[in-house]
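In: sequence below, structure please.
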Amino acid sequence: MDLRGVACPMNYVRAKLRMEEMEPNQTIMLYLDEGAPIENVPVSLRNDGQEILKLEKTAAEHYEVLVRKLA
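Out: Down below sits the predicted model:
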């Protein structure tokens, strides 16, 4: 799910809504910008009970975050 260019907190809201449609143990790759998005979205998803499997910087200002739905 490409959330690059989406401002906080809408990037988290969009990710959360998408995850609500998923079954437990399914994964989703999120693409996030540097700064507030990568600082806030993974923490918020962990707080929701999800598992962050991968968090990797892939470009100058972009990150890939692989999330497994647990709850």
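In: how many other residues sit next to the closest residue to residue 34 other than its chain neighbours?
Out: Distance criterion CB to CB, 6 or more residues apart in numbering; nearest residue to residue 34, sequence neighbours excluded, is residue 61 at 4.3 Å. In short, each C-beta sits where N, CA and C put it, glycine included. The criterion is other CB atoms under 10 Å. On that basis, residue 61 has 13 neighbouring residues.
In: pLDDT score assigned to the nearest residue in space to residue 68 that is not next to it in sequence?
Out: Nearest non-adjacent residue to residue 68, counting by CB to CB, 6+ apart: residue 51, 4.4 Å away. According to the predicted model, the pLDDT of residue 51 comes to 98.
In: show residues contacting stretch 32-48.
Out: If you take CB atoms under 8 Å, 6 or more residues apart in numbering as the criterion, stretch 32-48 is touched by 3-6, 8-9, 11-12, 15-16, 19, 30, 52, 55, 57, 60-63, 65, 67, 71.
In: what strand or helix carries the residue nearest in space to the middle of the chain?
Out: By CA atoms, centre = their mean, the mean C-alpha position of the chain lies nearest to residue 30, the distance being 4.7 Å. In this structure, residue 30 sits in strand 27-33 according to DSSP states H and E.
In: give the buried residues for that strand.
Out: For strand 27-33, the neighbour count (16 or more other CB atoms under 10 Å) marks 28, 30, 31, 32, 33 as buried.
In: now stretch 9-20
Out: 11, 12, 15, 19.
In: coming back round to it: show me how far the strand holding residue 30 is from its chain's centre.
Out: Distance of strand 27-33 from the chain centroid (CA atoms, centre = their mean, to the nearest Å) equals 5 Å.
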